[in-house]
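Peer 1: sequence and computational prediction follow.
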Amino acid sequence: MAEGRPELNLRHVILPWAPPEPEPIGPDPQAGARLSAEAAKLKVSPDRLTIERKHERSKPAGAQSRAALPAASTPPLFAAATLFKPHPSIPDEDRAHLDPEALLSAAVALDVLATRTRPIRPDSDVLLHFAEALLAVGQLGGIDDAAKTRLLEHAASRSGQLRGLLSREVAARMQAAPRPVSEVTAVTAATAITPSTPRTVAHAVHRIEKAAARVVAEARLRLEARERVLQYRQG
Amino acid sequence: MPAAPQDPDLRDDLVEALALGRLAAAELAAIVPRELEALFELGASLLDAGRDDAAADVFGGLVALFPFTPKYWRAYGVALHRRLEIARARAAYDAALTLEPTHQATRCYRAEVLLYAGDLELARAELEDLAQHGAPAVAARATLLLAAFAELADLAAPPAPAPAAAVAPARFTLGPNGELPRARPAFCDVTEPTITIAAETTVTARIFAPVLDDAPFPTALDAALTAPLTGFGKEIDFAAADGKAQGGSGDTTAVLRHRPGEHPPAPQSKNITATALVSHRKQALARSADRRPAAATSSGTTRRTTVTAIVKRRLHESLATDLDAQSVPTTPEERVLPAGEEK
């Protein structure tokens, strides 16, 4: 562990896109201890930074864990089967025109990425393997050593540090009990955040694969539709 | 796993940056913002089409690729919210609010999932604030949610014992005052009281009925009326009004109904039932007996005869116009009987 670096950054890998335990679990009192043990296995890289299990506290079940608790221990309205109408929708200001060419190129990139991530297993090197798959796709997309250097410069900059803090804050907010928006406080070193584990990272990778399958299917449908229109016009 | 040759130092630094949340997966994979936006729009169009599962899949991958855009988390929350994955939707909304704390629609949606999750006081406080200070659209939704607050709370109460299910009548009957009966729920909404007689048609059909010597007439229940009645399918059942023999009377009232599963009614006849007033059956049967010798059966005598039925179509007023446009009248002369049968 490098001297002078804040311990906060090095003890855990906390990724908001790999939240703890999204899969169903029971009300297991040992769940917190097991999570910590699994988190300790997650290595950032084989040579440099190995996360060691120490000074860890058992965490309360986060929001993702609460989703999977049996009905007997859930809040009263949790089993509501009706949805208030009108249904929630994406605000208009978020919407834009769908660029079909960009969708196609994204589908190709995701298809390649999903092909490479499929063998990934939830072991301690899951993050390394995932990053290697990402970099392999990035290399096809023009990420050379110079571009990697620029990425690292960005990560080391003030903007990158703020991003790292933002990631922790997002993760903490997702795991915390609901609070009013006005009462949300900044994340501190003492904030208890359940770290990401090889299993949660693998689950996030699986989510990307599922998204890739959807995107590729939709892009293929659009391509086929376009071809049929062209064939029809050509007689 | 095959991997492209990479500088190990650069690779390990990038992995560390990814682990610290300083770089996003999309940046390492060179998936540019334009492509991320295309993924977002694809998910949004899936949501528009009601394909919430597919949209949730796309948005779930999108936030994993680039978790620093609030609208991606918001859209993911909306998709999960629609699937009633309450805890995960709340977490996604919280992520969006961390990145964009003042977004009112997100606050409103989050308050809604808090209602579902049972955090009633927190939800009510948020909704009341939004109802007073929110933008018009958000304030309107917050007001509606506050109004529905009691209903949502009722969901938490233990369900009241269900009333005994009403036994649907086996068939329609005319009431003692000649009141037209209600249609079955399968045909139309029973709460719809408006029924009108849009057409009255006289049809002639053959009836195959066992006739017992010691009984004045066969029960109508034993009769099968086969006739291509316009608008009612080609084959229909013929049932007595009360399921009992109509002995002694020449006229009877019955209901023509579709034989289930065999001849589905035309779409426009979905809300139609028909009441048949079968008249002069006794005379018709007698005439038939005079013309054709009876065939002996184990249960007695089977005679083929022709009955005249007046079919009244009962339908909703909203469909009257559509039916008026159809060719409804059918007279006995217009009936085409199959070859080989008496005429």
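Peer 2: Perfect, thanks for sending it. Numbering: from 1, shown residues only, chains lettered A, B, ... in the order given.

Peer 1: find the nearest non-adjacent residue to the closest residue to chain B within chain A, please.
Peer 2: Going by Cβ to the nearest Cβ, chain B is nearest to A:Ala211 of chain A, at 2.2 Å. Bear in mind the C-beta positions are built from the backbone N, C-alpha and C, glycine included. The spatial neighbour of A:Ala211 that comes closest, neighbours along the chain excluded (Cβ to Cβ, 6 or more residues apart in numbering or on different chains), is B:Gly61 at 2.2 Å.

Peer 1: list phi and psi for B:Leu114.
Peer 2: Main-chain torsions, B:Leu114, degrees, to the nearest 10: phi -70, psi -40.

Peer 1: gap between the residue of chain A closest to chain B and B:Leu130?
Peer 2: For A:Ala211, the distance to B:Leu130 equals 32 Å [Cβ to Cβ, to the nearest Å].

Peer 1: give me the more crowded residue out of the two.
Peer 2: A:Ala211 (26 against 23; other Cβ atoms under 10 Å in any protein chain shown).

Peer 1: who touches that one in this structure?
Peer 2: Contacts were defined as Cβ atoms under 8 Å, 6 or more residues apart in numbering or on different chains; by that measure A:Ala211 touches A:Leu110, B:Leu39, B:Asp57, B:Val58, B:Phe59, B:Gly60, B:Gly61, B:Leu62, B:Ala64.

Peer 1: of these, which pair is most distant in space?
Peer 2: A:Leu110 and B:Phe59 (13.6 Å; Cβ to Cβ).

Peer 1: and the two? Which one has more around it.
Peer 2: For A:Leu110 versus B:Phe59, the count of surrounding residues by other Cβ under 10 Å is larger for B:Phe59: 30 against 27.

Peer 1: quick revisit: the host helix or strand of the residue nearest to A:Ala211: which residues count as buried?
Peer 2: Using DSSP states H and E, B:Gly61 sits in helix B:52-65. For helix B:52-65, the neighbour count (16 or more other Cβ atoms under 10 Å in any protein chain shown) marks B:52, B:54-65 as buried.

Peer 1: of those, closest to chain A?
Peer 2: Of these, the one sitting nearest to chain A (Cβ to the nearest Cβ) turns out to be B:Gly61, at 2.2 Å.

Peer 1: touching, the closest one and A:Val216? I think so.
Peer 2: No. With contact defined as Cβ atoms under 8 Å, B:Gly61 does not reach A:Val216; the gap is 11.4 Å.

Peer 1: joint contacts of the two?
Peer 2: A:Leu110.

Peer 1: who does the lengthiest helix in chain B touch, helix- and strand-wise?
Peer 2: Criterion DSSP state H: the longest helix present in chain B is helix B:33-48. Counting contacts by 3 or more Cβ pairs under 8 Å, 6 or more residues apart in numbering or on different chains; DSSP states H and E, helix B:33-48 packs against helix A:100-117, helix A:198-233, helix B:52-65, helix B:70-82.

Peer 1: hey, least reliable of those helices by pLDDT?
Peer 2: Mean pLDDT is lowest for helix A:198-233 among the helices and strands packed on helix B:33-48, at a mean of 91.

Peer 1: next, the angle helix A:100-117 makes with that helix.
Peer 2: Calculated by axes from the mean of the first three to the mean of the last three Cα atoms, to 10 degrees, helix A:198-233 forms an angle of 140 degrees with helix A:100-117.

Peer 1: now the helix or strand encompassing B:Ala87: mean pLDDT?
Peer 2: Following DSSP H and E, one finds B:Ala87 within helix B:86-99. Average pLDDT, helix B:86-99: 92.

Peer 1: restricting to C-alpha, output that helix in PDB.
Peer 2: Extracted in PDB, the C-alpha atoms of helix B:86-99 (Å, rounded to 0.1, in the frame of the first residue of the first chain):
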ATOM      1  CA  ILE B  86     -38.800  -1.000  -5.700                       C
ATOM      2  CA  ALA B  87     -35.500  -1.200  -3.700                       C
ATOM      3  CA  ARG B  88     -33.400  -1.300  -6.900                       C
ATOM      4  CA  ALA B  89     -35.400   1.600  -8.400                       C
ATOM      5  CA  ARG B  90     -34.900   3.600  -5.200                       C
ATOM      6  CA  ALA B  91     -31.100   3.000  -5.300                       C
ATOM      7  CA  ALA B  92     -31.000   4.100  -9.000                       C
ATOM      8  CA  TYR B  93     -32.900   7.300  -8.200                       C
ATOM      9  CA  ASP B  94     -30.600   7.900  -5.300                       C
ATOM     10  CA  ALA B  95     -27.600   7.600  -7.600                       C
ATOM     11  CA  ALA B  96     -29.200  10.000 -10.000                       C
ATOM     12  CA  LEU B  97     -30.000  12.500  -7.200                       C
ATOM     13  CA  THR B  98     -26.400  12.200  -5.900                       C
ATOM     14  CA  LEU B  99     -25.200  13.400  -9.300                       C
END
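
Peer 1: tilt between that helix and helix B:52-65?
Peer 2: Using the same axes, to 10 degrees: helix B:86-99 against helix B:52-65 is 40 degrees.

Peer 1: where does pLDDT dip in chain B?
Peer 2: Applying pLDDT under 70 to chain B flags residues B:1-6, B:150-343.

Peer 1: now do chain A
Peer 2: A:1-12, A:21-82, A:179-191.

Peer 1: if we go to 50?
Peer 2: Applying pLDDT under 50 to chain A flags the ranges A:1-10, A:22-29, A:31-32, A:45-79, A:189.
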